[in-house]
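In: Provided below are the primary sequence and the corresponding predicted coordinates.
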Protein chains: 2
Amino acid sequence: MKLATLRNGAPDGQLAVVSKDLSRFTQASAIAPTLQAALDNWDEVAPQLQKLSDQLNGGDISGKPFDASAAMAPLPRAFQWIDASAYMSHLERVRSAKGSKDAELQAERPIMYQGGSDTLLAAHDDVVVPSDDLAVDFEAELAVILGPVKMGSAPEDVADAVRLVTICNDVSLRRLVADDLQGGFGFFHAKPSSSFGPVVATPDEFGDAWDGKKLSGKLQSRVNGIMIGQPRTEVDMLFDFTQLISEAARTRNLGAGTILGSGTVANTHDEILPIGSDGVGFSCIVEARTAEKQKNEKATTPFLKAGDEVSIQFVADDGSSPLGEIKQQIEISK
Amino acid sequence: MKLATLRNGAPDGQLAVVSKDLSRFTQASAIAPTLQAALDNWDEVAPQLQKLSDQLNGGDISGKPFDASAAMAPLPRAFQWIDASAYMSHLERVRSAKGSKDAELQAERPIMYQGGSDTLLAAHDDVVVPSDDLAVDFEAELAVILGPVKMGSAPEDVADAVRLVTICNDVSLRRLVADDLQGGFGFFHAKPSSSFGPVVATPDEFGDAWDGKKLSGKLQSRVNGIMIGQPRTEVDMLFDFTQLISEAARTRNLGAGTILGSGTVANTHDEILPIGSDGVGFSCIVEARTAEKQKNEKATTPFLKAGDEVSIQFVADDGSSPLGEIKQQIEISK
C-alpha cells in the first residue's frame, strides 16, 4: 500500500491511503490520525490500512483526486532522521572537497550522521536557504522508515524492520561542510531540513525489485528539467539497508518512525555533464563538479541558485514512477 | 510552573503539573495530553497550566505524591535534540582525547551536534550500553526546551524562545568518539540516548537566577555517592543560551519542542579528584582523567562500569534542588 500525510493545519498532518497509480486518495485518519501513530501501532493498524488500500485500488471506494502538492513530508517531523553513506563512489568523489579522511574505515563500516528532523520538507515545498552563495546542492537518495529496532541487532534480524520506502533530497550547503567538520562535532549547519517524496510505499509494492535489502531501479535527478543523473539504486550499494540498520543500532535502540537514508545514490563511471539518454550521471552537483575538475581541471556545473528547480523520482524497470516526484525550487530566507 | 511527563504506557506519556517543592503532582492531560502538545500550542495552553500550578501550590488542589521514578523524560522522544559546547574549559580539557582541532574556530562560534532524540531516558532509567569497556562517561548539563525559532534569528530576538529548563546527562562512549570523528560525519555511536531530569521548569521559577541568558547555581555530579564536581553554571559559559539558540538557527528554523543542551558544565581550575567540600571538580570523567594526566602523568579515575550510579542535580544558591535529581545505574544490554 501507499500512504501520504495531507495538510490539515496540524503540525503532523493527517494520514491518507493513496492508490497505486497515485491518482486518488482516501482519508485514513479514522484508523490512525497520523503516520507516526500508525507506526507506533503498526501490527494492529497496517492490516486495516491495507484493507482500505485494497478497497481504493479495487474501486470499492472512489476516493478523491490526489494532488502531490497537498502532501506534507510523510513524517512532517520525525523523532529520528539518520543519513548513511552506502554508495562509495559518492564518498570517493566528494572526499577531497569535504576533508574527510579515512577511506579504509569508511569501506569497512558505513558512516552515518544524525540529521535534524523537526522540520522535514514536503515533496513540493520550496527549499529555503539563508543565502544562495553557500554552494547549495541537492542529494538524491532512497530512504526507509523503520519499526522499532533493538540495540545490537544483526543485519539478518532487521529485514522486517523496513515498514516503508520513499525518496529524499538531502539538501546540503557545501560551503559550510568544512566548517562543520573542522569544529569536530560533525555535520550541522551544512545540513538544513531534508525533503521527502509525496508518498511512502510498503516494500511489497515493488515486487521483486525489493529483495529485502536493496531496491532495484533508477533514481533520476533533474535541475531545471535537465537530467543530471539516473544511477541504478541496487548497483554499487556497498552496504544494503539491513547492514545500515544494524550499524545504526550498534549502541542504541531505534524508535518506531526512524527514517534512514541510503546516502547519495552513485554508480562508478567516468562521465561528465551533460549526459546522454543512456548516461548515468550524478545524484548531486558536487560530484559532477569533481568529475569536471578531474577531466578538465575546471568545475563548470554551477551550484543551485534562487529559482532553480530540482526534481527527483525513482523509476522502476517498467518505466513507472511508483513513489511520485520531489519537485522543489530554491528560495532565499526573508 | 513545573511540569513532568508521567508513564501511562503510551510512547509520549501524559502531562502533569508538579508542585514547586516536587512533593505533589496533578494530571494536566485535560489541558494538553503531552508536553509536546503543550509546546505546540504554548500561548494558549501555558496560562491554563499556570492556573493549575497555582491551584496545586496554593493547596486548592491536593494532588498526589510525586514519585520522580514514575516520570519519563520530559519529552520521552523529541523532534530535535541539539547539544552545544558552551563551556570552553570542557573543550580544552578533552580536545586532545577527542582529536578535534581548531581552538580558535570553537571560541568564535559555539559548536554543536545533532543528537538522537527518539529514545530519551528518564531521570531514574538505567543507562543501558552495549558494553562497559567503551569508556562509558556521563556529562552533566543544563538544557532548555524551545518554542519555534525562525532561521537567522539574532541572540537578542530569541530570549523568549526558552519555554522550559531542565538538567541532562549526555551519556558518552569515549572509546567510540575517535572512530565517529574519523569517519568524517561527526558524533553518532559515541552518543547513545541522553537522559533528562524528572521535571522541567519555566524560567520564572528561578527568580533572578535566570537572567534571560544564563542560569546561576551549581551543577552537582556524583558517582556512587561521591562528589565529582559542582561547577557554577553561569561561570565560564562563553556562549549564553541566546547565543546558542541563534547559532542553532543559522541555516534552519527550529521547531517547537527542540531541546538544546549547554554542553558539559565546566569551570577553569587546576584541581584533581577527590575534591574537598569547596572544590569545583568536573561534570564528566574524561576531564578528571585529563587533569590527572597533566598533574601525575597517569589517569586514575575509572570510567563507569555496570552497576555504577551517576547522580546529577542543579543546586540553587538557597540550597534547594528545584529541578530534582537524575539518578541512574549503568547496565549492559542483554
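Out: Structure's in. What do you need?

In: excluding chain neighbours, what is closest to the residue in the stretch 101-250 of chain A that chain B sits nearest to?
Out: Relative to chain B, the nearest point of the stretch 101-250 of chain A is A:G186 (0.9 Å; C-beta to the nearest C-beta). Bear in mind the C-beta positions are built from the backbone N, C-alpha and C, glycine included. Distance criterion C-beta to C-beta, 6 or more residues apart in numbering or on different chains; nearest residue to A:G186, sequence neighbours excluded, is B:G186 at 0.9 Å.

In: wouldn't that neighbour be in contact with B:Y113 here?
Out: Yes: B:G186 lies in contact with B:Y113 (C-beta atoms under 8 Å); the separation is 5.8 Å.

In: common neighbours of those two, please.
Out: Counting by C-beta atoms under 8 Å, 6 or more residues apart in numbering or on different chains, the common neighbours of B:G186 and B:Y113 are A:114, A:185-186, A:188.

In: which one of those residues has the most neighbours?
Out: A:F188 (28 neighbours; other C-beta atoms under 10 Å in any protein chain shown).

In: specify the local secondary structure of A:A107.
Out: helix (DSSP: H, G, I helix; E, B strand; the rest coil).

In: check the gap between it and B:I228 for me.
Out: 40 Å (C-beta to C-beta, to the nearest Å).

In: what pLDDT does A:I285 get?
Out: At A:I285 the predicted local distance difference test score is 97.

In: is the residue lying closest to it once chain neighbours are set aside bridged to anything, and to what?
Out: Closest residue in space to A:I285, ignoring its immediate chain neighbours: A:D137 at 4.8 Å, by C-beta to C-beta, 6+ apart. Using DSSP bridges, the bridge partners assigned to A:D137 are A:S172.

In: ok now do A:D137, which residues does it touch?
Out: A:D137 sits next to A:171-174, A:284-286, A:303-304 when contact means C-beta under 8 Å, 6+ apart.

In: do that again at 10 Å, thanks
Out: A:94, A:169-175, A:177, A:190, A:264, A:284-289, A:303-304, A:310 (C-beta atoms under 10 Å, 6 or more residues apart in numbering or on different chains).

In: out of the shared contacts of B:G186 and B:Y113, list just those in strands.
Out: Cross-referencing the shared contacts of B:G186 and B:Y113 against strands under DSSP state E gives A:Q114.

In: in JSON lines, list the shared contacts of B:G186 and B:Y113 along with pLDDT.
Out: What follows is those, written out as JSON lines (pLDDT from 0 to 100):
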{"residue": "A:Q114", "pLDDT": "96"}
{"residue": "A:F185", "pLDDT": "85"}
{"residue": "A:G186", "pLDDT": "87"}
{"residue": "A:F188", "pLDDT": "94"}
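
In: any idea whether A:A178 is helix, strand or coil?
Out: helix.

In: my read is that it contacts A:L134, right?
Out: No: if you go by C-beta atoms under 10 Å, A:A178 and A:L134 don't touch, sitting 11.8 Å apart.

In: about what we covered before: A:A107 and B:I228: who's more crowded?
Out: Between A:A107 and B:I228, counted using other C-beta under 10 Å, B:I228 has the larger neighbour count: 26 against 13.

In: which one is A:I111 nearest to, not counting chain neighbours?
Out: Per C-beta to C-beta, 6+ apart, closest to A:I111 is B:G183, 3.9 Å.

In: measure that neighbour to A:M112 for me?
Out: For B:G183, the distance to A:M112 (C-beta to C-beta) stands at 8 Å.

In: who touches both of these two?
Out: Common contact partners of B:G183 and A:M112 (C-beta under 10 Å, 6+ apart): A:85, B:189.

In: near the residue of the stretch 201-334 of chain A found nearest chain B, how many other residues are there?
Out: Residue of the stretch 201-334 of chain A nearest chain B, by C-beta to the nearest C-beta: A:G255 (3.5 Å). Residues lying near A:G255 (other C-beta under 10 Å) number 25.

In: wait, it touches A:I82, no?
Out: No: under the criterion of C-beta under 10 Å, A:G255 makes no contact with A:I82, lying 11.3 Å away.

In: can you list the residue ranges for helices in chain A?
Out: Remark: helices assigned in chain A by DSSP state H are A:35-40, A:42-58, A:88-98, A:103-108, A:174-183, A:241-248, A:285-296.

In: and the fourth one, average pLDDT?
Out: Taken as a whole, helix A:103-108 has an average pLDDT of 64.

In: cool, stretch A:211-219 as well?
Out: 98.

In: ditto for stretch A:17-31
Out: Averaging pLDDT along stretch A:17-31 gives 98.

In: can you pull the buried residues of that stretch?
Out: The neighbour-count check on stretch A:17-31 (16 or more other C-beta atoms under 10 Å in any protein chain shown) flags A:17-19, A:22, A:24-26, A:28, A:31 as buried.

In: between these, which is closest to chain B?
Out: Relative to chain B, the closest of the buried residues of stretch A:17-31 is A:I31; by C-beta to the nearest C-beta it sits at 17.4 Å.

In: correct me, but that closest one touches A:A38?
Out: Yes: here A:I31 reaches A:A38: they are 7.4 Å apart, a contact under C-beta under 10 Å.

In: list the beta-bridge partners for the nearest residue to A:A16 once chain neighbours are set aside.
Out: Excluding the flanking residues, the one nearest A:A16 by C-beta to C-beta, 6+ apart is A:F25, at 4.5 Å. Taking DSSP bridges as the rule, A:F25 bridges to A:V18, A:K64.

In: before we move on, what about A:I330?
Out: Note on A:I330: beta-bridge partners A:V127, judged by DSSP bridges.

In: quick one: residues contacting it.
Out: So A:I330 contacts A:126-129, A:132, A:136, A:138, A:171, A:223, A:303-310 (C-beta under 10 Å, 6+ apart).

In: quick one: buried ones out of these?
Out: Buried residues within the contacts of A:I330, counting neighbours by 16+ other C-beta under 10 Å: A:127-129, A:132, A:136, A:138, A:171, A:223, A:303-304, A:308, A:310.

In: and the furthest pair within these?
Out: The span of those, defined through C-beta to C-beta, is set by A:V128 and A:V223 at 17.6 Å.

In: where does the stretch 51-200 of chain A dip in pLDDT?
Out: Within the stretch 51-200 of chain A, the ranges that satisfy pLDDT under 70 run A:96-106.

In: A:L121 and A:F138 touch, don't they?
Out: No: using C-beta under 10 Å, A:L121 is not in contact with A:F138; the gap is 11.7 Å.

In: identify the contacts common to the two.
Out: By C-beta under 10 Å, 6+ apart, A:L121 and A:F138 have these common neighbours: A:127, A:168-169, A:171, A:195, A:326, A:328.

In: before we move on, the earlier item: hmm, A:R95 and the residue nearest to A:I111 touching each other?
Out: No: contact between B:G183 and A:R95 fails when scored by C-beta under 10 Å: they sit 11.6 Å apart.

In: which of these two has more residues huddled nearby?
Out: A direct count of neighbours by other C-beta under 10 Å for B:G183 and A:R95 places B:G183 higher, at 23 against 16.

In: so how far is B:R232 from the residue lying farthest from the centre of chain A?
Out: Distance from the C-alpha centroid of chain A peaks at A:D60, with 32.3 Å (C-alpha atoms, centre = their mean). Using C-beta to C-beta, A:D60 is found at 68 Å from B:R232.

In: quick one: the strands in the stretch 151-300 of chain A?
Out: Remark: strands assigned in the stretch 151-300 of chain A by DSSP state E, counting those that start in this stretch are A:162-169, A:172-173, A:195-196, A:200-201, A:218-223, A:226-229, A:259-261.

In: is it true that A:I245 touches A:L260?
Out: Yes: if you go by C-beta under 10 Å, A:I245 and A:L260 touch, sitting 6.4 Å apart.

In: joint contacts of the two?
Out: With C-beta under 10 Å, 6+ apart, A:I245 and A:L260 have common neighbours A:82, A:84, A:144, A:146, A:149, A:161-162, A:254.

In: tell me how many other residues crowd the closest residue to A:S194 other than its chain neighbours.
Out: The shortest distance from A:S194 to any non-neighbouring residue, by C-beta to C-beta, 6+ apart, is to A:D170 (4.9 Å). A total of 26 residues lie near A:D170 under the criterion other C-beta under 10 Å.
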